[in-house]
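Q: Quick one, fold the following:
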Amino acid sequence: MADFVGAIDQGTTSTRFMIFDHGGNEVGRHQLEHQQILPRSGWVEHNPLEIWERTQTVVRTALNTHSLDATDLAALGVTNQRETTVVWNRRTGRPYHNAIVWQDTRTDRIASALERDGRGAVIRRRAGVPPATYFSAGKIQWILENVDGVRAAAERGEAVFGNTDTWLLWHLTGGVDGGAHVTDPTNASRTMLMDLETLDWDDELLSFFDIPRAMLPQIVPSSDPHAYGTTLPNGPFAGAVRITGDLGDQQAATVGQVCFAPGEAKNTYGTGNFMLLNTGTEIVRSEAGLLTTVCYQFAGEAPVYALEGSIAVTGSAVQWLRDQIKIISSAAQSEDLARQVDDNGGVYFVPAFSGLFAPYWRADARGAIVGLSRYHTDGHIARATLEAICYQSRDVAEAMAQDSGVTLECLKVDGGVTVNDLCMQLQADILGVPVSRPVVAETTALGAAYAAGLAVGFWKDTDELRDNWNESRRWQPSWSPQERASGYANWRKAVRRTLDWVDVE
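A: Numbering: from 1, shown residues only. Below is the predicted model of the structure:
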C-alpha cells in the first residue's frame, strides 16, 4: 500500500494541500490565499474559478516539492468551508455568480420571513438549525431570484449547486465530462435542506426556498471507499487517486481531534470559531441557541451527531486589525501588541460584523468597541480583540453545558489562532478549564485524511487514530473566580450594546 494520505483543505481565506503519514504526522504542505470580494456592506464573495485554480496549484506544488506523485497516496480526503454556496452550469463548468460565503448577510430578509411565518420552527425541527443568513439555502434562493437565467437553467437541469467540497469533487473527478456531483451529510446538514433523521433532502424544506431538487448533489457517507470516484490523469494529481473522504471543516477537525466518544469536544480557531460536542447517535435538540448537526458518517454505520456553537468572527477580527484598521502588519503582531498592556483596561470589542451567531442568532447586531477613554491605546484594542475570541467561545460553552449537561473539564483546541500563546492563556482564564493543543494543530486537514484513510484500510479503526494524538502544550487557568465572573459580566453587557443596530425586516 502507498505510504501517505492526502487532504485538500479548502478554507475561507486559503486553500491548502497536506500530506500525512501513518502516524498522522505532516509530511508536506502548500497553501495559497484567495481574494475576499466585498461588493457591499455585509456581502462576502469568493471566485470559484480562483479557488479551483489555487487548489490545483497547491496540490502540484506540495507533491513536486516532496518528489511524490499519485502512486504515493493511498487515498484523498476533502474538507471545506461549509455553507459557502456555488451555483454553476454542469455543461460548461462556469459559475453563474461568485460563491456567496457563509459570512454573507444579504439573505437576512429571507431568513426573517421564514421566522415570522412559522416555517422557522419546521426548519429547526427537521434540519437542526435556525433560519439564518449563515446557511446555504437562502443563498441558493438569492441566486435563483437575482441572477438572470439561473432559474430557467435549474429547471432544465443545467444549473447545479454545491458547497466548495462539491465544486472541487466535481472538478477532480471529471467536471463537464461526468464529474461526480456529491456531498456528505456534514455539509448537507448546513444547508437548511436536509432531514437530520433520513440524511436526505427534504421536499418540504426545498419548497420553502423554491429550490429544484435536481440542483442538489447526492448525499453519500463522509468516509466511503466507492462513493466519490478517483482523480483524473489530466488533473492536478497527474494520476488516479481514490477520493474516499469528505467532511465539512469543523466536523473534519472533530475527527482530527479524535473526538469519537459522546461528550468529547473541540474548538477550532480560524476565520470564525466552531465548538463541537459529540452526542453520539442521538440527535440532541438545542434549547440554548446551538446547532444540531451531523458530526460524521462512516460507510455502513449509523451517523454520529453533534451540538455545535458557530461564531462568525474571531480570527477574522485580527485580520480586520491588520487589513482595515492597520494597527498591525501581521496576525502574529497581535500578540506582541496585546502584551504591551496588563489587561484590557475596561475595553471590550464585540466583532459582530455579520451579526451574532451562536448562541444569540441576532442578524441585527453590528460590531462595537466599548469602554474607550483617552487613556486607552492600540494595545488595549488588540487585547480586547483576543479576549473577544475567548469570550465568544465561553458563550458557546455555557450553552453547550445547558443543552447537554456536560461541563467541560478540558478544551481541545486547534486552528491557526492557537499559535497565539496569549490568546490560549486568555481562553483558559476566561473558561476556567485547561486548554490543550495537539502536536498537529491543523486538525481540519488531518480529519479529512483520517476519513479517507479509514475507508481504504490505511488506518484500521478509530483506536489507531487515538494512538496518533499527542499534546503539544497545555494552558492552565490563572484568573481568580472573581476576575472571571467580572470579566464575563462586562462582556455580556458589551454584547447587549451591539443589538438592534440595523433594521431587519
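
Q: got the contact list for G175?
A: Each residue near G175 by C-beta atoms under 8 Å, 6 or more residues apart in numbering is listed here: G93. The way it works is simple: take the backbone N, C-alpha and C, and place the C-beta from them, glycine included.

Q: do the one 4 residues further on as well
A: Contact partners of G179, counting by C-beta under 8 Å, 6+ apart, are 169-173.

Q: how does it look with 6 Å?
A: Going by C-beta atoms under 6 Å, 6 or more residues apart in numbering, G179 touches 170, 173.

Q: show me where pLDDT drops low in the stretch 401-505 of the chain?
A: Counting by pLDDT under 70, the stretch 401-505 of the chain contains low-confidence residues at 504-505.

Q: the helices in it, which residues?
A: 421-431, 443-456, 462-468, 481-497 (DSSP state H, counting those that start in this stretch).

Q: Out of these, which gets nearest to V44?
A: Taking C-beta to C-beta as the measure, the helices of the stretch 401-505 of the chain were each checked against V44, and helix 443-456 came out nearest at 19.9 Å.

Q: does Y348 have beta-bridge partners, and which?
A: Residues in a beta bridge with Y348, per DSSP bridges, are V370.

Q: for the helices of the stretch 401-505 of the chain, which one sits closest to T268?
A: Across the helices of the stretch 401-505 of the chain, the minimum distance to T268, taken as C-beta to C-beta, is reached by helix 443-456, at 6.8 Å.

Q: which parts of that closest one are buried?
A: Under the neighbour-count criterion of 16 or more other C-beta atoms under 10 Å, helix 443-456 has 443-456 buried.

Q: Please identify which of the helices of the stretch 401-505 of the chain is closest to T198.
A: Comparison of the helices of the stretch 401-505 of the chain against T198 by C-beta to C-beta identifies helix 443-456 as nearest, at 21.6 Å.

Q: Could you list every helix and strand that that closest one packs against?
A: In this structure, helix 443-456 makes packing contacts with strand 4-10, strand 73-80, strand 243-248, helix 249-256, judged by 3 or more C-beta pairs under 6 Å, 6 or more residues apart in numbering; DSSP states H and E.

Q: Just put the helices of the stretch 401-505 of the chain in JSON lines and tack on distance to M400.
A: As requested, the helices of the stretch 401-505 of the chain are arranged in JSON lines below (distance: least, C-beta to C-beta, whole Å):
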{"stretch": "helix 421-431", "distance to M400": "11"}
{"stretch": "helix 443-456", "distance to M400": "19"}
{"stretch": "helix 462-468", "distance to M400": "22"}
{"stretch": "helix 481-497", "distance to M400": "15"}
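
Q: Need the distance between the two termini of stretch 204-223.
A: Start-to-end span of stretch 204-223 (C-alpha to C-alpha, to the nearest Å) is 28 Å.

Q: Give me the buried stretch members for it, please.
A: 205-206, 208-209, 211-212, 215-217, 219-223.

Q: quick one, strands of the stretch 51-200 of the chain?
A: When secondary structure is read from DSSP state E, counting those that start in this stretch, the stretch 51-200 of the chain shows strands at 73-80, 86-89, 99-100, 159-162, 182-183, 194-195, 200-201.

Q: ok, and which of these has the densest surroundings?
A: Counting by mean count of other C-beta atoms under 10 Å, strand 73-80 has the highest mean neighbour count of the strands of the stretch 51-200 of the chain, with a mean of 29.

Q: What lies in contact with it?
A: Counting by C-beta under 6 Å, 6+ apart, strand 73-80 makes contact with 1-2, 4-10, 164-165, 168, 241-247, 249, 252, 444, 448-449, 451-453, 456, 458, all of which sit outside it.

Q: Give the rounded mean pLDDT of that strand.
A: Summarised as a single mean, pLDDT over strand 73-80 is 97.

Q: swap in stretch 355-370?
A: Stretch 355-370 shows an average pLDDT of 91 in the prediction.

Q: G315 is nearest to which of the strands of the stretch 51-200 of the chain?
A: strand 73-80 (17.0 Å).

Q: In the sheet, which strands lie alongside that closest one, parallel or antiparallel?
A: Paired strands of strand 73-80, defined by DSSP bridges, are strand 4-10 (parallel), strand 243-248 (parallel).

Q: tell me how far the longest one is from the chain's mean position?
A: Going back to what we said before, that points to strand 4-10. Its chain's C-alpha centre and that of strand 4-10 lie 16 Å apart, by C-alpha atoms, centre = their mean, to the nearest Å.

Q: now do the shortest one
A: Offset of strand 243-248 from its chain centre (C-alpha atoms, centre = their mean): 14 Å.

Q: Contacts made by that strand with the rest, please.
A: 75-79, 82, 165, 184, 186-187, 222-223, 225, 228-229, 448, 451-452, 455-456.

Q: List the buried residues for the strand or helix carrying S334?
A: Using DSSP states H and E, S334 maps to helix 333-338. By neighbour count, with 16+ other C-beta under 10 Å as the criterion, the buried positions of helix 333-338 are 334-335, 337-338.

Q: Quick one, which of the helices of the stretch 401-505 of the chain gets closest to R156.
A: Here helix 443-456 is closest among these (C-beta to C-beta), at 33.8 Å.

Q: from the chain's centre, how far out does the closest one sit?
A: Per C-alpha atoms, centre = their mean, the centroid offset for helix 443-456 relative to its chain is 16 Å.

Q: CA-only coordinates of it, as PDB, when you get a sec.
A: Taking only C-alpha atoms (Å, rounded to 0.1, in the frame of the first residue of the first chain), the coordinates of helix 443-456 have been written out as PDB:
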ATOM      1  CA  THR A 443      -6.600  19.000  12.500                       C
ATOM      2  CA  THR A 444      -9.000  20.000   9.800                       C
ATOM      3  CA  ALA A 445      -6.900  18.600   7.100                       C
ATOM      4  CA  LEU A 446      -5.900  15.700   9.300                       C
ATOM      5  CA  GLY A 447      -9.500  14.800   9.900                       C
ATOM      6  CA  ALA A 448     -10.200  14.700   6.200                       C
ATOM      7  CA  ALA A 449      -7.100  12.400   5.800                       C
ATOM      8  CA  TYR A 450      -8.400  10.200   8.600                       C
ATOM      9  CA  ALA A 451     -11.800   9.800   7.000                       C
ATOM     10  CA  ALA A 452     -10.200   8.900   3.600                       C
ATOM     11  CA  GLY A 453      -7.600   6.600   5.100                       C
ATOM     12  CA  LEU A 454     -10.200   4.700   7.200                       C
ATOM     13  CA  ALA A 455     -12.200   4.000   4.100                       C
ATOM     14  CA  VAL A 456      -9.400   2.100   2.400                       C
END
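
Q: Where do the strands of the stretch 301-450 of the chain begin and end?
A: With DSSP E, counting those that start in this stretch as the definition, the stretch 301-450 of the chain shows strands at residue ranges 304-311, 348-350, 368-370, 411-414, 435-438.

Q: Switch the ones you listed over to CSV; also include mean neighbour count and distance to I37.
A: Written out in CSV, the entries for those read as follows (neighbours: other C-beta atoms under 10 Å; distance: least, C-beta to C-beta, whole Å):
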stretch, mean neighbour count, distance to I37
strand 304-311, 26, 22
strand 348-350, 25, 25
strand 368-370, 17, 25
strand 411-414, 24, 28
strand 435-438, 23, 33
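
Q: Thanks a lot, catch you later.
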